[in-house]
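Undergrad: Sharing a model that was predicted from the sequence below.
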Amino acid sequence: MGIYGFLLFWLAAESVGVPLPDEAVLLTVGFLAHEGTVQLAPAMACAAAGAVIGSSVSYTVGLRLGRPVVARIAARIGIKGDRLQSAEDWMRRRGGMGVFLTRVLPIARNVASYAAGIAAIPPKVFFPAMIGGSVVWCVTVLSIGDAVGAHYHDILRVGGRAFLIAVAVAVIGLIFWLVWRWLTRRHTSEPPAS
């Protein structure tokens, strides 16, 4: 029961804005699910619930209390005002799709829901997109951890620990590069504001 509670708390804290690496925790818990220490379905439910709770709090703070309060919170956890402004502008342009993407991509996750609230994304748009993205993210990363657990000994036998670490770093790097490239291409294709 302790791992499930920890997972819920960790994902909620990360989604509220605390700069915590949820990928490592989700992958580890997915691996533990394969080993039989935890069950995968409850882990998925707890992770998704934590992400939804944290994102809901962030969104509500942004929507009800606005930019000045969010900027103070962001500054306390090391998020600069220009990053918050950029996330807010992006949310205004993308709406529900922006909310969904920020929940499934490891970019601006800890400010995205605040930005959606400040940008006044309607609740009927925000909540379905946020819940859908949170579930997709948590289920996917936990499943990857579970799949790696299933082949862990084979991977170690073929390439050793260094190979396993190098593959993980390469996959994460590729994801970041693809997202950066996609965002850069989208930004350059948009007409300049008049």
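TA: Looks like it arrived, so ask away.
Undergrad: so Ala51 sits right up against Cys138, yeah?
TA: Yes - with contact taken as Cβ atoms under 8 Å, Ala51 and Cys138 are classed as touching, separated by 6.0 Å. Yep, even glycine has a C-beta here, placed from its N, CA and C like the rest.
Undergrad: between these two, what contacts are shared?
TA: Leu11 (Cβ atoms under 8 Å, 6 or more residues apart in numbering).
Undergrad: all helices for the protein, in order.
TA: Remark: helices assigned in the chain by DSSP state H are 2-16, 22-35, 40-76, 81-94, 96-104, 109-118, 123-189.
Undergrad: Tell me which of those helices sits most buried.
TA: When the helices of the chain are scored by mean count of other Cβ atoms under 10 Å, the highest mean neighbour count falls to helix 109-118 (a mean of 28).
Undergrad: And Val16, how close does it get to Ala166?
TA: Plainly put, Val16 is 33 Å away from Ala166 if you go by Cβ to Cβ, to the nearest Å.
Undergrad: and if you look at Gly36?
TA: 27 Å.
Undergrad: got a list of what Ser134 touches?
TA: Ser15, Ala48, Ala51, Val52, Ser55, Arg103.
Undergrad: Dump the helices of the chain to TSV, plus mean pLDDT.
TA: Conversion of those to TSV gives the following (pLDDT from 0 to 100):
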stretch	mean pLDDT
helix 2-16	90
helix 22-35	85
helix 40-76	89
helix 81-94	82
helix 96-104	87
helix 109-118	85
helix 123-189	74
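Undergrad: Surely Arg103 and Val136 touch.
TA: Yes - counting by Cβ under 8 Å, Arg103 sits close enough to Val136 to count as a contact (7.4 Å).
Undergrad: Now do the end-to-end distance for stretch 11-26.
TA: With Cα to Cα, to the nearest Å applied, stretch 11-26 spans 9 Å between its terminal residues.
Undergrad: ok, and what's touching it?
TA: Outside stretch 11-26, the residues that touch it by Cβ under 8 Å, 6+ apart are 7, 10, 46-55, 57-58, 73-74, 77-79, 106, 109-111, 113-114, 134, 138, 141-142, 145, 172.
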